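K.L.:
A predicted structure for the sequence below; I have some questions about it.
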Amino acid sequence: MPPVPPPRDTPAAVATAPAAPARLPRPAALLCDMDGTLVDTERDWLAGIAGLLAAHGAPADEPDVLPFAGLTLRDAADRLGTLLALSETETAALADRLDRDFTARITAGVTLRPGALRLLDHARELGVPVALVTASERPVADLVLSATLGSHRFDHSVASGESGRDKPHPDPYAAAARALGAATEDCLAVEDTPTGAAAALAAGCHVLAVPTVPGIAADPRVHFARSLEDVTLTGPPRSARG
């Protein structure tokens with residue numbers, strides 16, 4: 001059994017998260033990452049990465065797998081292929097294996113992150129449109145939407161490969177904001193990894209960071225929280241504040 005990353009609520013994982021803000025201005029739109037942010041699936045993703053590394057005789061400890069947090073299947077496979085010196089054919093086969101492994105873990109059931117449904121329902125009560133912006137493939141996103149999160153809580157969703165470049169590029173968040181008719185600078189993105197936070201910031205969004213891995217850098221537009229349970233949206237829309 002390869003080493004598996006520790007639960008992300010360990011001190012190492014949340015060391016970059018200072019005291020949680022109690023209240024945030026109501027955004028024009030709420031753009032939510034999925035894995036690790038709304039559902040506890042980043043653990044499953046990293047466990048699959050660890051398994052593949054160990055199967056190829058490569059180190060698979062926490063420092064070795066954390067760089068894969070928040071990556072798309074395609075980007076993770078490319079990184080693994082380079083790291084393991086695989087051929088293009090071998091990398092494609094590894095991507096298929098990683099996809100099957102992660103999908104099987106998701107099909108077996110996922111756990112909601114604390115406060116996830118509360119935040120989504122609170123946004124809906126305030127009339128704030130909500131989009132899912134995930135690095136997961138569309139079949140995985142749809143599975144989680146239908147079985148766990150509830151598709152009715154979202155006005156739009158963007159999965160890997162559906163917006164040009166994937167995270168850490170701004171395209172997924174820009175596409176989600178555009179679909180909801182909101183300016184990115186008036187949107188609040190919710191993220192748990194440096195990769196996702198970088199994408200949201202590059203798009204111009206404000207970011208609510210609930211870290212499951214270290215590395216999200218401090219920024220005037222980043223608001224840290226230890227849990228979604230600690231967050232309340234309040235006040236007039238962010239766009240009305242000038």
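P.N.:
Now that the structure is in, tell me what you want to look at.
K.L.:
going forward, measure contacts between C-alpha atoms and count neighbours the same way
P.N.:
OK.
K.L.:
Now the longest helix along the chain: buried residues?
P.N.:
Ranked by number of residues, the top helix in the chain under DSSP state H is helix 88-107. Neighbour counts using 16 or more other C-alpha atoms under 10 Å place 91, 92, 94, 95, 98, 99, 101, 102, 103, 106 of helix 88-107 among the buried residues.
K.L.:
One more: stretch 151-166?
P.N.:
Neighbour-count burial for stretch 151-166 [16+ other C-alpha under 10 Å]: 151, 153, 154, 156, 157, 158, 159, 160, 161, 163, 166.
K.L.:
quick one: which of those sit in strands?
P.N.:
The members of these that map onto strands under DSSP state E are 156, 157, 158.
K.L.:
Adding pLDDT and distance to residue 33, write the residues you listed out as TSV.
P.N.:
Converted to TSV, these look like this (pLDDT from 0 to 100; distance: C-alpha to C-alpha, whole Å):
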residue	pLDDT	distance to residue 33
156	98	12
157	98	10
158	98	10
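K.L.:
for those residues, which one is nearest residue 129?
P.N.:
Closest to residue 129 out of those is residue 156 (8.6 Å), distances taken as C-alpha to C-alpha.
K.L.:
partner residues bridging the closest one?
P.N.:
Bridge pairing for residue 156 (DSSP bridges) gives the partners residue 131.
K.L.:
contacting residues around it?
P.N.:
Residues near residue 156 by C-alpha atoms under 8 Å, 6 or more residues apart in numbering: 130, 131, 132, 176, 179, 180.
K.L.:
Can you give me the separation between the spatially most central residue of the chain and residue 91?
P.N.:
Nearest residue to the geometric centre of the chain (C-alpha atoms, centre = their mean): residue 33, 3.8 Å. Distance, residue 33 to residue 91, using C-alpha to C-alpha, to the nearest Å: 26 Å.
K.L.:
what does residue 196 give?
P.N.:
Separation of residue 196 from residue 91 (C-alpha to C-alpha): 24 Å.
K.L.:
Also residue 125?
P.N.:
45 Å.
K.L.:
Then residue 73?
P.N.:
Here residue 73 is placed at a distance of 11 Å from residue 91 (C-alpha to C-alpha).
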